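> build me a model:
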Amino acid sequence: MEFELLKTDTGSAARAGLITTDHGKIETPIFMPVGTVGSVKAVTRPQLENEINAQIILGNTYHLYLRPGTKILEAAGGLHKFSGWQRPVLTDSGGYQVFSLAANRKIKEEGVLFQSHIDGSKHLFTPESVMDTQRSIGADIIMAFDECPPYPSEYLYAQKSMELTHRWLARCLKHLNETEPKYGYDQALFPIVQGGTYRDLRKISAEFAASMECDGNAIGGLSVGEPEEMMYELAALCCEYLPADKPRYLMGVGTPWNILENISLGIDMFDCVMPTRNGRNGMLFTWEGVINIKNKKWEDDFSPIDARMECETSRGYSKAYLRHLFVAGEILAMQIASIHNLAFYLDLVKHARIHILAGDYASWKNQMIPILKTRR
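Numbers count the residues shown, from 1 in each chain. The predicted structure is shown next:
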């Protein structure tokens, strides 16, 4: 994997770059649709490629390990061939899913013992086994195994968790260097910066991740319940210590305004389930603000979902028709809303990139955020 930094905004730390992988190029800043089990919910591959114009999607190691399992993935030739998606893929390490299974897991030095949410069977994730699983999935960018502390966490817990994450990172790197990719192309490892909400721990973790000299770096453990301003403060702090010549990935973030603010701090990559999850419940993100399409006010609004979008779905269906589909309980409603929201997120980062290259990102961002937050 290669990363080229093309331009930094004149009024902020926002960056435009280009990531090159064996499955294609990624223009940053970028948003990655979440394809948890190897599919983006309610969206087909041609829609992802042509309407949404996704450049990279995310798969989840925990879910893919449990189902369909590495045996099937390897027999298929990896996730790319299994799903038919031939553009880049990023996989997370499963650490966040283990974090969310707090009642059904036990963390120890060796790794994490957990129970499957599917059938209750017991499994052990270690740094080494997680690297093997991500080898089997065949993602272009893979994450180091980490522990994600909850919010809030006591200082001592956050410190011990961070130190465990660092030891696991060293084991991930060692094992990765001792094994080969399975499908004839390279995989880039990103360490994950942890440290809870403590500035000194975040600094230590970011410096440690940077010292590993990996192809890129991720920031985890934010957007887990802490106030937005705290998230921005800690993301900015991490960016101070992560190398400028490597891409920076802020995991699990977030709303359109979260993304624009974090881009201005120097973040390059984002993922979040919000556009699809909220879309399935009738919340639409548009260039004019947030819409609850189920509200009666849209019953006779025959204007497009978002006329500013190039996406055929966003321009080709009216608000009234989409509301009708939701009220009628039609599956198509969830599909249209998901496609629109993902297309909007990709359009948002595309315009962010345009303004970074033009050098006026900071003023554009400040103008856009109040509009994007508007509840219509």
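
> which residue is the nearest non-sequential neighbour of the residue positioned nearest the centre of the chain?
Residue closest to the average C-alpha location in the chain (Cα atoms, centre = their mean): residue 271, at 1.9 Å. Closest residue to residue 271 apart from its sequence neighbours, by Cβ to Cβ, 6 or more residues apart in numbering: residue 32 at 4.3 Å. (Each C-beta comes from the backbone N, C-alpha and C, glycine too.)

> isn't residue 185 right up against residue 139?
No: counting by Cβ atoms under 8 Å, residue 185 sits too far from residue 139 to count as a contact (10.3 Å).

> more neighbours: those two, which one.
The residue with more neighbours, out of residue 185 and residue 139, is residue 139; 27 against 13, by other Cβ atoms under 10 Å.

> residues contacting residue 294?
Applying Cβ atoms under 8 Å, 6 or more residues apart in numbering, we find residue 294 in contact with 282, 323, 326, 327.

> still on that earlier bit, next one: phi and psi at the residue nearest to residue 271?
Torsion angles at residue 32 (phi, psi; degrees, to the nearest 10) stand at phi -110, psi 110.

> my guess is it meets residue 273, correct?
No: using Cβ under 8 Å, residue 32 is not in contact with residue 273, being 11.1 Å away.

> neighbour-wise, which of those two wins?
Of the pair residue 32 and residue 273, residue 32 is the one with more neighbours under other Cβ under 10 Å, namely 25 against 14.

> so after the helix or strand bottoming out on mean pLDDT in the chain, what's the next helix or strand?
None of the helices or strands of the chain scores lower by mean pLDDT, DSSP states H and E than helix 95-100, at a mean of 75. Downstream of helix 95-100, the next assigned helix or strand under DSSP states H and E is strand 105-107.

> other SSEs contacting that next one?
Strand 105-107 sits against strand 112-115, with contacts defined as 3 or more Cβ pairs under 8 Å, 6 or more residues apart in numbering; DSSP states H and E.

> within the sheet, what are the partner strands of the helix or strand following the strand it packs on, with directions?
Counting by DSSP H and E, the next helix or strand C-terminal to strand 112-115 is strand 122-125. Taking DSSP bridges as the criterion, strand 122-125 pairs within the sheet with strand 112-115 (antiparallel).

> in contact with residue 290, which residues?
Applying Cβ under 8 Å, 6+ apart to residue 290 gives the contacts 283, 284, 372, 373, 374, 375, 376.

> again, only using 6 Å
residue 375 (Cβ atoms under 6 Å, 6 or more residues apart in numbering).

> the least confident helix or strand of the chain: which residues count as buried?
Using 16 or more other Cβ atoms under 10 Å as the test for burial, helix 95-100 gives 95, 96, 97, 98, 99.

> what's in contact with that helix?
Residues outside helix 95-100 that contact it (Cβ under 6 Å, 6+ apart): 62, 105, 112, 114, 145, 146, 148.

> of those residues, which is the most crowded?
Highest neighbour count within the contacts of helix 95-100: residue 146, with 32 neighbours (other Cβ under 10 Å).

> distance check, that one against residue 4.
Noted for residue 146: a distance of 27 Å to residue 4, by Cβ to Cβ, to the nearest Å.

> same deal with residue 231?
From residue 231 over to residue 4 the distance is 28 Å, taken as Cβ to Cβ.

> mind listing what the helix or strand residue 5 falls within pairs with, with the direction of each?
Applying DSSP H and E as the criterion places residue 5 in strand 2-8. With DSSP bridges as the test, strand 2-8 is paired with strand 15-21 (antiparallel).

> quick one: list the elements packing against the next helix or strand after the strand it pairs with.
As assigned by DSSP H and E, the chain's next helix or strand after strand 15-21 is strand 24-28. Applying 3 or more Cβ pairs under 6 Å, 6 or more residues apart in numbering; DSSP states H and E, one finds that strand 24-28 contacts strand 15-21.

> before we move on, the earlier item: out of the contacts of residue 294, which is nearest to residue 342?
The nearest member of the contacts of residue 294 to residue 342, counting by Cβ to Cβ, is residue 282 at 15.4 Å.

> gap between the closest one and residue 298?
Taken as Cβ to Cβ, the span from residue 282 to residue 298 is 10 Å.

> please apply the same query to residue 94.
Distance from residue 94 to residue 298, counting by Cβ to Cβ: 40 Å.

> cool, residue 227 as well?
Separation of residue 227 from residue 298 (Cβ to Cβ) stands at 32 Å.
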